[in-house]
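In: what shape does this take:
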Amino acid sequence: MSALRPRAALRCASNLLGASHVALGTPDDAGSAFGRALELGRQDADPLTVARAANDLGAIASARGDPQRALAHLQLAVPAYQRLGSAHGLARTYHNMAVALRDLGRLAAADECERRAIEFAREAESPRLVALAQLGRAELSLRAGDAPLAEARACRVAARLDALGDPVSAEAARRLARAARCAPTRLR
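Out: Residues are numbered from 1 along each chain as shown. Take a look at the predicted model:
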């Protein structure tokens, strides 16, 4: 049993190191740390480490403009979170999948992922995750050419995020509402 403790600590440390590098703005180092955590999680049959690392690798790939790689990582996270019964993890992962699908221009599939993220976020009793997925749906509405719907959704989400004490995300929602309000007539 004591031989397992160092491996568990190493898995945890690798994941924490990745998160630290994300916070520091060093995505290459974050990707390396999350990659190591994923490898260790697979070797040790640790679905929580696999799920977290795969989700984080997917988010990094998406931020780097590589939605195909993001989807590949995120598709590893889903079954791991399902085995764990983690509605919160599934909500985060489906929201991240929606971002990657949106970037690929697959708007209907992205919207379906945001809907699933909302369902899981509600199950997890996470109003912030619900709001972020609803903001994702607002952005999808704008990209699909429905600026009035995008504006209305973004304004509702901004108010929710303000009430939840998330001013950064609330401002992102307000920016989206302004963008929708200023969208060219062809989108309205």
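In: next secondary structure element downstream of the helix or strand bottoming out on mean pLDDT in the chain?
Out: Ranked by mean pLDDT, DSSP states H and E, the weakest helix or strand in the chain is helix 4-24, scoring a mean of 86. Counting by DSSP states H and E, the next helix or strand C-terminal to helix 4-24 is helix 27-43.
In: so how far is whatever helix or strand comes next after that following helix from its chain's centroid?
Out: Next helix or strand after helix 27-43 toward the C-terminus (DSSP H and E): helix 47-63. Put simply, helix 47-63 sits 9 Å off its chain's centre (Cα atoms, centre = their mean, to the nearest Å).
In: same deal with stretch 101-121?
Out: Taking Cα atoms, centre = their mean, one finds the center of stretch 101-121 at 11 Å from the center of the full chain.
In: and for stretch 172-183?
Out: Distance of stretch 172-183 from the chain centroid (Cα atoms, centre = their mean) equals 21 Å.
In: next, the buried residues of that stretch.
Out: By 16 or more other Cβ atoms under 10 Å, the buried positions in stretch 172-183 come out as A172, A173, R174, L176, A177, A180, A183. The C-beta positions use only the backbone N, C-alpha and C, and glycine is treated the same way.
In: likewise for stretch 160-173?
Out: Buried residues in stretch 160-173, counted by 16+ other Cβ under 10 Å: R160, L161, D166, S169, A170, A172, A173.
In: before we move on, the earlier item: contacts for the least confident helix or strand of the chain, please.
Out: 27, 29-34, 36-37, 40-41, 44, 46, 49, 52-53, 56, 60 (Cβ atoms under 8 Å, 6 or more residues apart in numbering).
In: so which of the buried residues of stretch 160-173 are in helices?
Out: Within the buried residues of stretch 160-173, residues falling in helices by DSSP state H are R160, L161, S169, A170, A172, A173.
In: and the furthest pair within the residues you listed?
Out: With Cβ to Cβ as the measure, no two of those lie farther apart than R160 and A172, at 12.5 Å.
In: quick check: which element contains the one residue sitting closest to the centre of the chain?
Out: By Cα atoms, centre = their mean, the chain has its centre lying nearest to N96, at 3.1 Å. Element membership of N96 [criterion: DSSP H and E] is helix 87-103.
In: so can I have CSV of the buried residues of stretch 172-183 showing pLDDT and distance to Q134?
Out: Formatted as CSV, the buried residues of stretch 172-183 follow (pLDDT from 0 to 100; distance: Cβ to Cβ, whole Å):
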residue, pLDDT, distance to Q134
A172, 97, 12
A173, 97, 9
R174, 98, 14
L176, 97, 11
A177, 97, 13
A180, 96, 14
A183, 90, 19
